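**Student:** Below is the structure, and that's it, no one-letter string:
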């Protein structure tokens with residue numbers, strides 16, 4: 001088993017009760033994925049003060065990952081290499097690659113571009 005990383009689109013899909021996200025998350029809870037990771041910047045991008053009940057429920061089953069200087073530097077490098085500027089997406093990619101995790105996303109093309117800039121591929125689950 002391996003982990004899964006949720007990006008902002010995944011959290012927003014949870015909030016709107018998207019059936020694809022619900023299925024993926026149920027599979028995570030049922031043991032298909034070792035654990036679910038949410039970079040703290042993803043939570044910040046999705047959270048709007050609530051109540052956001054669906055996101056709050058999802059957080060109970062997830063590990064919110066603090067960003068570090070190393071992650072920040074790596075995200076900056078991948079943005080430069082890919083010619084993009086979305087540091088949240090870059091942090092999602094860096095987090096997923098470090099954890100050897102799949103990513104649940106609504107934005108697969110940007111994540112593929114960022115991973116490709118590092119010579120890597122991601123397993124993406126699209127919601």
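**Tutor:** Arrived safely, thanks for sending. Note that the structure is predicted; figures quoted are calculated from it, not measured. Residues are numbered from 1 along each chain as shown.
**Student:** Show me what the worst-scoring helix or strand of the chain on mean pLDDT is in contact with.
**Tutor:** Lowest on mean pLDDT, DSSP states H and E among the helices and strands of the chain sits helix 19-29, with a mean of 90. Contact with helix 19-29 is made by 4, 10, 13-14, 33, 35-36, 58, 61, 104, 125-127, as judged by C-beta atoms under 8 Å, 6 or more residues apart in numbering. Using the backbone N, CA and C atoms, a C-beta is placed for each residue, glycine as well.
**Student:** Could you tell me which of those residues belong to strands?
**Tutor:** Among these, the ones falling in strands (DSSP state E) are 4, 36, 104, 125, 126.
**Student:** Tell me the pLDDT of the first one.
**Tutor:** When you say that, I think you mean residue 4. According to the prediction, residue 4 has pLDDT 94.
**Student:** now do the fourth one
**Tutor:** At residue 125 the predicted local confidence, pLDDT, stands at 94.
**Student:** so it makes contact with residue 4?
**Tutor:** Yes: using C-beta atoms under 8 Å, residue 125 is in contact with residue 4, at 7.4 Å.
**Student:** Now for these two: what residues contact both?
**Tutor:** With C-beta under 8 Å, 6+ apart, residue 125 and residue 4 have common neighbours 24, 102, 103, 104.
**Student:** Tell me the one among the residues you listed nearest to residue 119.
**Tutor:** Nearest to residue 119 out of the shared contacts of residue 125 and residue 4 is residue 103 (C-beta to C-beta; 17.0 Å).
**Student:** In the sheet, which residues pair with that closest one? Tell me.
**Tutor:** residue 5, residue 124 (DSSP bridges).
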